[in-house]
Each structure stands twice: as structure tokens, then as C-alpha cells.
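Visitor: make a model of this:
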Amino acid sequence: MKPLRRLMSQIEQIELDMANWSEAVDASKTPKPGPVTAEDMVAAIEATKSSAQAVPLLKYEKWMKEFGSM
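Guide: Residues are numbered from 1 along each chain as shown. The predicted structure follows:
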């Protein structure tokens, strides 16, 4: 997501009132999302909350100790 956020930031900086809407867009001059960096991954991991809750996991661990796997 971070490369897309950087891209959106670049697009938002373009002055839309200065754009010539009658001309075709040169694809080589349009902003493009960059690669995903290690910093992007670290930021995503730090911002992501766990989808699993500790209480149900403890319940399943207890069940596994008592009954084992199938």
C-alpha cells in the first residue's frame, strides 16, 4: 500500500487547474508506483493488528493437550 500512497501523494501535488484536458496523456510522464521496500514491509507489519485473539487460542491449546489432533 505504501507505494500506492506515495503515488497518490505525487498525483495530489499536480495542479489540476493547470492541466490541459484537451491533450492526450503521455504515459511516460505520469507518476508510477515504485517498488515495495523493506521499510514499507516493516511499516505494514507494525501497523497491522493480529486477527487472532489470545483467549480462543488458549482454549484450543488446552483442547489439543487434552484430546490431541485428529
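Visitor: what about the helices in this protein?
Guide: Listed from the start of the chain, the chain has helices (DSSP state H) covering 2-13, 38-47, 54-67.
Visitor: any idea which of those is most buried?
Guide: For the helices of the chain, average neighbour numbers computed from mean count of other Cβ atoms under 10 Å are highest in helix 2-13, which has a mean of 12. Where you see a C-beta, it was placed from the backbone N, CA and C, and this is true even at glycine.
Visitor: what's that one packed up against?
Guide: Helices and strands touching helix 2-13, as assessed by 3 or more Cβ pairs under 8 Å, 6 or more residues apart in numbering; DSSP states H and E, comprise helix 38-47.
Visitor: comparing the helices of the chain by mean pLDDT, which bottoms out?
Guide: Within the helices of the chain, the least confident segment by mean pLDDT turns out to be helix 2-13, at a mean of 78.
Visitor: tell me the angle of it relative to helix 38-47?
Guide: Here the directions of helix 2-13 and helix 38-47 differ by 100 degrees (axes from the mean of the first three to the mean of the last three Cα atoms, to 10 degrees).
Visitor: so how far is helix 2-13 off the chain centroid?
Guide: In this view, helix 2-13 has its centroid 13 Å away from the chain centroid, taken as Cα atoms, centre = their mean, to the nearest Å.
Visitor: can you tell me what sits against it?
Guide: Counting by Cβ atoms under 8 Å, 6 or more residues apart in numbering, the neighbours of helix 2-13 from elsewhere in the structure are 31-37, 39-40, 43-44.
Visitor: same list (these) but as JSON lines, adding distance to Leu58.
Guide: Rendered in JSON lines, the data for the contacts of helix 2-13 read as follows (distance: Cβ to Cβ, whole Å):
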{"residue": "Pro31", "distance to Leu58": "48"}
{"residue": "Lys32", "distance to Leu58": "47"}
{"residue": "Pro33", "distance to Leu58": "41"}
{"residue": "Gly34", "distance to Leu58": "42"}
{"residue": "Pro35", "distance to Leu58": "40"}
{"residue": "Val36", "distance to Leu58": "35"}
{"residue": "Thr37", "distance to Leu58": "37"}
{"residue": "Glu39", "distance to Leu58": "34"}
{"residue": "Asp40", "distance to Leu58": "33"}
{"residue": "Ala43", "distance to Leu58": "30"}
{"residue": "Ala44", "distance to Leu58": "27"}
